[in-house]
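# Give the three-dimensional model of this entry:
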Amino acid sequence: MTLAHDTTGDGPALVLLHSAACDRRMWDPQWSALAEAGYRVVRPDFRGFGDSPLPDHRHNDAEDVLDLLDSLGVERAALVASSYGGRVALEIAARRPDRVRAMALLCSGLPGHEPGVELEAFGDREDALLEAGDVEGAVELNLGTWLGPDAEEAVRERVREMQRRSFEVQLAAPRGAGRRPVEVDLTAVKATCLAVSGGHDVADFRQIAARLPELLTDARHLELPWAGHLPSLERPEVVTELLLDFLRGAVCAG
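Residues are numbered from 1 along each chain as shown. The predicted model follows:
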């Protein structure tokens, strides 16, 4: 199955990977600006999100993204990724370092990361709400956890819609569906990396961003003191300029 996706623009390939609270629509605020800056922009929905249903077998998101790039004739790309999408980006860059020019990781997850107390408590609460059939309660839990104080009501409604859609797709999953994790060696990553964290985010993600310069050969960390977990939605203009500035140096150099 080819992931549901959009493409626009011409130039070096740039792939946008969404968070687990959203789908590919989270990149709407950056979509046109990145294409106008001279990139061929691709944004997929992972399986279980947006318009990509879950299959009746276990799948691997990194392999799905690589298969999509193969189908589009993209040999090498820069990756911009949010949260869970960052975890997928790191797996791609570790397994196929020849395919990744650069990575901008916004409040990224990390392959093999063991959740801290706060993140584990969130997961337990979300599971309990979904098991009780309270999908709306689970949606609101996610909004309260992931959006920082700068998120306007229109942004909250956008995330609410995307998160609700994700739960609908995942709750309708056929028997046998699930992710197939793969162990990776992050020392294999060669791409230049910008690791961004949010000052109002859950501690796990702030710690991951701060650690990435120690784990990767070419990474730097930047914290946005105003941000929650989804800065590209909370202050889209600021993050768009941040991404364009990083990409101008990293993609041209790569």
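# packing partners for the strand or helix carrying residue 194?
Per DSSP states H and E: residue 194 is located in strand 192-198. Counting contacts by 3 or more C-beta pairs under 8 Å, 6 or more residues apart in numbering; DSSP states H and E, strand 192-198 packs against strand 100-106, helix 203-215, strand 219-224, helix 236-253. Bear in mind the C-beta positions are built from the backbone N, C-alpha and C, glycine included.
# Would you tell me what the next helix or strand after the first one is?
Just to be clear, that refers to strand 100-106. Counting by DSSP H and E, what follows strand 100-106 is helix 117-131.
# Pull the distance from that following helix to the chain's centre.
20 Å (C-alpha atoms, centre = their mean, to the nearest Å).
# could I have that helix exported to CSV, CA atoms only?
Only the C-alpha atoms of helix 117-131 are listed here, as CSV (Å, rounded to 0.1, in the frame of the first residue of the first chain):
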residue,chain,number,x,y,z
VAL,A,117,6.8,9.0,34.7
GLU,A,118,4.8,11.9,33.1
LEU,A,119,4.7,10.4,29.6
GLU,A,120,3.8,6.9,31.0
ALA,A,121,1.0,8.4,33.1
PHE,A,122,-0.4,10.1,30.0
GLY,A,123,-0.3,6.9,28.0
ASP,A,124,-2.1,5.0,30.8
ARG,A,125,-4.8,7.7,31.1
GLU,A,126,-5.3,7.7,27.3
ASP,A,127,-5.6,3.9,27.2
ALA,A,128,-8.2,4.0,30.0
LEU,A,129,-10.3,6.6,28.3
LEU,A,130,-10.3,4.7,25.0
GLU,A,131,-11.1,1.4,26.7
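# just the helices and strands packed on strand 192-198: most buried one?
strand 100-106 (a mean of 27; mean count of other C-beta atoms under 10 Å).
# distance between that strand and the chain's centre?
11 Å.
# thinking again about what came up before, which among the helices and strands packed on strand 192-198 is found nearest to residue 36?
helix 236-253 (9.9 Å; C-beta to C-beta).
# where does the stretch 1-150 of the chain have low pLDDT?
Along the stretch 1-150 of the chain, segments meeting pLDDT under 70 span 1.
# show me where it has strands.
Assigned by DSSP state E, counting those that start in this stretch, the strands in the stretch 1-150 of the chain fall at 5-8, 13-17, 40-44, 58-59, 77-82, 100-106.
# Next, format the ones you listed as a markdown table and append distance to residue 223.
Output for the strands of the stretch 1-150 of the chain, formatted as a markdown table (distance: least, C-beta to C-beta, whole Å):
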| stretch | distance to residue 223 |
| --- | --- |
| strand 5-8 | 30 |
| strand 13-17 | 21 |
| strand 40-44 | 25 |
| strand 58-59 | 33 |
| strand 77-82 | 16 |
| strand 100-106 | 12 |
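# so how far does stretch 213-226 reach from one end to the other?
Stretch 213-226 has an end-to-end distance of 22 Å (criterion: C-alpha to C-alpha, to the nearest Å).
# For that stretch, give the mean pLDDT please.
The average pLDDT within stretch 213-226 is 97.
# outside of it, which residues touch it?
148-150, 186-187, 189-200, 206, 209-210, 212, 231, 234-235, 238, 242 (C-beta atoms under 8 Å, 6 or more residues apart in numbering).
# of those residues, buried ones?
Buried members of those, counted by 16 or more other C-beta atoms under 10 Å: 148, 150, 186, 189-198, 200, 206, 209, 212, 231, 234-235, 242.
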